[in-house]
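**Student:** turn this into a model:
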Amino acid sequence: MAAQRRKHKKKNNKSEYFFDYSLLFIILFLLGFGMLMIYSASSYTAYLEYGDSAQYLKKQLLASILGLIAMTVVANIPYHFWERFAVLAYVVSIAIIPVVLTPLGISSHGARRWFKIPGIPLQVQPAEVAKLCMILFLACLVCKLGKKAGTFKGIVLMFLAPLPQAIMIWRITSNLSSAIIVVGISVLMIFVADPHYKKYLVMGTGAVAGVIALVYAIINMETSEGGFRIRRIAIWLHPETDPEGTGFQTLQALYAIGSGGIWGKGLGQSMQKLNFLPEAQNDMIFSIICEELGLFGAVAVILMFILLLWRMMIIANNAPDLFGAMLVVGVIGHIAIQVILNIAVVTNSIPNTGISLPFISYGGSSVMFLLIEMGLVLSVAKRIQLKEV
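**Tutor:** Numbering: from 1, shown residues only. The predicted structure follows:
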């Protein structure tokens, strides 16, 4: 009997590994919903351009399948395996940005933000690679610095880390929004890594003052770029003053949101996607959600993102070590910043700039690298040990 009790006790004290099925369900739901909305938003335009109403859906489906395969592989590899490649990933992410200027680069809407790898039917956006590599590199850097992360030297070093990526993304690919997201991810990771928050309030105040000074400098710039920036701010404040130019997209998005009401017109019944709203399947897909599914659908999508972030916060709080926690925090920052900025742009709360809605907007590079990031989060989750009582 005593031997049986000892055996039973030993069996009940064994450790089990955790797998977050809730997180996996949310990811798959957002992916499926995204493809449904991409087809709804793009079918008319795709038929006019390619003679195939499912053209955009097919491309997104291929990218999603490849992304899910990559997510599965990454989720089953111990996340510490990637720590040894953090510096290499950081260097490579910077090195591939100028590739968009080579013959491999692809131009769209006046900007070169993608390049094509021969033999692969997908375009790669260096900015998406940079976001993933920055999360990996900064998580590794925080662990290497240890207690020095809270010192002046450590803080300066961590703040300098994203600048080469951000500046090259901004200047070479003319993608200011992605540069802001890279910096935003880094700021959040640095803030979480250091428990002494008071100094960040002072730094935040200085940053706000710097932004105000930058806006003032742009207003007084006589260059064409300065004129472009101030024009965008002016159109943001009064989009009706430019109904046939930059303000056209904003106005059409607002029309779509307003016409949806509480319950929407019904799936597939949007009017704005019929060549009225430019890039309906890309950056402005949230406005189509509002038009077809109404306020109810928009709130449901926002709640799904909140659930996604909540599950990742639980994983970060229970991560086996600091490196795993920082990886998850970086992914949280990426998704949270991008969702907030996309919805803010669509609702004209901030000036219009190209930011996709994670998992839902059309974009092969975006969904593939987001799924790889989800693989890292699931890998951390799988290493959380649960003890049976």
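**Student:** in terms of pLDDT, where does Phe29 sit?
**Tutor:** Turning to Phe29, the model gives it a pLDDT of 96.
**Student:** and the longest strand seen in the chain, what's buried?
**Tutor:** Secondary structure of the chain per DSSP state E: the longest strand is strand 111-116. Buried positions in strand 111-116, judged by neighbour count with 16 or more other C-beta atoms under 10 Å: Arg112, Arg113, Trp114, Phe115. Any C-beta I mention is one placed from the backbone N, CA and C, and that applies to glycine too.
**Student:** wait, which of those residues is closest to Glu279?
**Tutor:** Using C-beta to C-beta, Arg113 comes nearest to Glu279 of those, at 13.6 Å.
**Student:** against Val192, how distant is the closest residue in space to Gly184 that isn't next to it in sequence?
**Tutor:** Spatial nearest neighbour of Gly184, excluding adjacent residues (C-beta to C-beta, 6 or more residues apart in numbering): Ile337 at 4.5 Å. Distance, Ile337 to Val192, using C-beta to C-beta, to the nearest Å: 14 Å.
**Student:** picking that back up, the longest strand of the chain pairs with which strands, and in what direction?
**Tutor:** The strands that strand 111-116 pairs with in its sheet are strand 105-108 (antiparallel), strand 123-124 (antiparallel) (by DSSP bridges).
**Student:** need the winner for burial among the ones you listed.
**Tutor:** strand 123-124 (a mean of 20; mean count of other C-beta atoms under 10 Å).
**Student:** show residues contacting that one.
**Tutor:** By C-beta atoms under 8 Å, 6 or more residues apart in numbering, the residues outside strand 123-124 that reach it are Ile96, Ile106, Trp114, Phe115, Lys116, Ile117, Gly364, Ser365.
**Student:** what is the lowest-pLDDT residue among those?
**Tutor:** Ile117 (80).
**Student:** excluding covalently adjacent residues, which one is nearest to that one?
**Tutor:** Nearest to Ile117 is Val124, by C-beta to C-beta, 6+ apart, at 6.3 Å.
**Student:** circling back: export the buried residues of strand 111-116 to JSON lines and append columns for distance to Thr250.
**Tutor:** What follows is these, written out as JSON lines (distance: C-beta to C-beta, whole Å):
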{"residue": "Arg112", "distance to Thr250": "24"}
{"residue": "Arg113", "distance to Thr250": "21"}
{"residue": "Trp114", "distance to Thr250": "24"}
{"residue": "Phe115", "distance to Thr250": "30"}
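**Student:** which among the residues you listed gets closest to Val91?
**Tutor:** Closest to Val91, out of all of the buried residues of strand 111-116 and judged by C-beta to C-beta, is Phe115, at 17.5 Å.
**Student:** got any ranges where this protein has weak pLDDT?
**Tutor:** Counting by pLDDT under 70, the chain shows low-confidence ranges at 1-17, 109-110, 197-200, 207, 210-212, 214-238, 240-246, 386-389.
**Student:** which parts of it are helices?
**Tutor:** For the chain, the helices defined by DSSP state H cover 2-12, 21-50, 55-75, 86-95, 126-145, 152-160, 163-173, 176-193, 198-219, 224-237, 246-260, 285-317, 322-346, 364-382.
**Student:** could you list every helix and strand in contact with the shortest one?
**Tutor:** Contact here means 3 or more C-beta pairs under 8 Å, 6 or more residues apart in numbering; DSSP states H and E; on that basis helix 152-160 packs against helix 126-145, helix 176-193.
**Student:** run through the neighbouring helices and strands of the first one.
**Tutor:** Right, the one you point to is helix 126-145. Partner elements for helix 126-145 (3+ C-beta pairs under 8 Å, 6+ apart): helix 86-95, strand 111-116, helix 152-160, helix 163-173, helix 176-193, helix 322-346, helix 364-382.
**Student:** quick one: which of these is nearest Leu23?
**Tutor:** So among the helices and strands packed on helix 126-145, helix 364-382 is nearest, using C-beta to C-beta, at 6.9 Å.
**Student:** distance from the closest one to the middle of the chain?
**Tutor:** 11 Å (C-alpha atoms, centre = their mean, to the nearest Å).
**Student:** tell me which residues of that helix come out buried.
**Tutor:** 364-382.
**Student:** wait, doesn't Gly363 sit right on Leu357?
**Tutor:** No: contact criterion C-beta atoms under 8 Å: Gly363 and Leu357 do not qualify, at 9.5 Å.
**Student:** residue contacts, Gly363?
**Tutor:** Shown in contact with Gly363 (C-beta under 8 Å, 6+ apart): Gln60, Ala63, Gln125, Asn282, Ser356.
**Student:** chain center to stretch 113-120: distance?
**Tutor:** With C-alpha atoms, centre = their mean, you get 21 Å for stretch 113-120.
**Student:** show me the contact partners of it.
**Tutor:** Stretch 113-120 has contacts (C-beta under 8 Å, 6+ apart) with 96, 99-100, 102, 104-106, 108, 122-127, 173-175, 365.
**Student:** if we use 6 Å, what do you get?
**Tutor:** For stretch 113-120, contacts defined as C-beta atoms under 6 Å, 6 or more residues apart in numbering pick out Val99, Val100, Leu104, Gly105, Ile106, Gln123, Val124, Gln125, Thr173, Asn175.
**Student:** now do the contacts for the last one.
**Tutor:** Contacts were defined as C-beta under 6 Å, 6+ apart; by that measure Asn175 touches Arg113, Ala127, Ile169.
**Student:** gap between the first one and Glu292?
**Tutor:** Applying C-beta to C-beta, the value for Arg113 to Glu292 is 28 Å.
**Student:** what is the burial count for Thr72?
**Tutor:** The number of residues packed around Thr72, counting by other C-beta atoms under 10 Å, is 12.
**Student:** good, we can wrap up now.
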